[in-house]
Structures are given as structure tokens and as C-alpha cells.
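[1] Kindly return the folded structure for what I paste below:
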Amino acid sequence: MPTSGQGEPRAADAAGVCGAVLREGELGGGGAVLGGASWGCGAVLREGRGNTITGMSTPFTPDVVEAIKRHMNDDHADDSLLICRALGGRPEATSAVTSGVDAEAIEFLATVEGREVTVRVPWSTTLTERAQVRTEVVRLYREACAALGVPARGEH
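    Residues are numbered from 1 along each chain as shown. Down below sits the predicted model:
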């Protein structure tokens, strides 16, 4: 399996660029590999570590990421599924849970044809603070609803 140059595995079977749906493997901080090219949008950012493609560090502590994941999974699981279907390239997904958040994207584990696949959906901008996450998730939800022809709820 290709590595980031620091011995970390990269996802070997990406299906797209920025918002790429990763079908197999696990992101280890180096990004997805697609056709021999590296795409930074697939990188998972962890506390104290930079993305080996862009050199960017996540602004979110592990506690903040866990709180966001818990809120999304407890209160917005249906929204996550809509986002994966419409914006994550997985219209056949039957369920989705939020599995990660970093400065570049939100990540989900979606169930597709009975197996879990990683789906990353990029933010419209690089996030620098926690308050931006809500704005971006609401934007993604509304875009997903519009794309799928589903009426969006009122205020989130």
C-alpha cells in the first residue's frame, strides 16, 4: 500500500477528489492516492499533527471532535445520511454516522451494500474555529436537501 513518505498508509482506492469516497483502507494522515497522485482533501488531521500534503494542523482538540460527532450522531443522523447521499457520492447509502471532523472536511462512515465505507465531504472553506462547523453543516444539509428534492427543515 502506498504511504505518506512517513510510513503511514494511505487509502488505496479513492473514487474522487475532494469529497472523495474512500472505499477501502484507512486514512493515516497522508491523504488519498488516486491514479498515483495525492489529494490532500483525503487527509485526516489529528491533534498535534499536520496534514502531510498541506502542512495544516487541525484547530479542533479531540474533545471538540468527539462533542461534534456525538451531537451529529445523536441529533442529526438523518442529515448525515442526506449529505452522504447527495454530496458524498453515495446515493445508495442506507445509514451514516459522523466519524470525524477537521479543518477541511466532515467525515462519515456510511453503510453501502451492507458494508461501511468512509465518505469525506469538504467544507466550503478551511475552518479555524468550532463555531464554523455548525454553519458549514447547515450549509451541507441544505445543499443536500436541494440536490435530492427533499424539503429542508427550518432552523437547526
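[2] and the helix or strand containing R120, what other elements does it pack with?
    For R120, the host element (DSSP states H and E) is strand 115-122. When contacts are defined as 3 or more CB pairs under 8 Å, 6 or more residues apart in numbering; DSSP states H and E, strand 115-122 sits against strand 21-22, helix 77-87, strand 105-112. C-beta here means a position set from N, CA and C on the backbone, and glycine is covered the same way.
[3] mind listing what that strand pairs with, with the direction of each?
    Here strand 115-122 is paired, per DSSP bridges, with strand 21-22 (antiparallel), strand 105-112 (antiparallel).
[4] and the longest one with helix 77-87, angle?
    For the pair strand 105-112 and helix 77-87, the angle between their directions (axes from the mean of the first three to the mean of the last three CA atoms, to 10 degrees) equals 90 degrees.
[5] Now strand 105-112: average pLDDT?
    For strand 105-112, the mean per-residue pLDDT is 97.
[6] how about the CA coordinates for it, as PDB?
    The C-alpha coordinates for strand 105-112 follow below in PDB (Å, rounded to 0.1, in the frame of the first residue of the first chain):
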ATOM      1  CA  ALA A 105     -14.000  18.300   5.800                       C
ATOM      2  CA  ILE A 106     -16.500  16.300   7.700                       C
ATOM      3  CA  GLU A 107     -16.200  12.500   7.600                       C
ATOM      4  CA  PHE A 108     -18.800   9.800   7.800                       C
ATOM      5  CA  LEU A 109     -19.000   6.100   7.900                       C
ATOM      6  CA  ALA A 110     -21.800   5.200   5.600                       C
ATOM      7  CA  THR A 111     -23.400   1.800   5.100                       C
ATOM      8  CA  VAL A 112     -23.400   0.900   1.400                       C
END
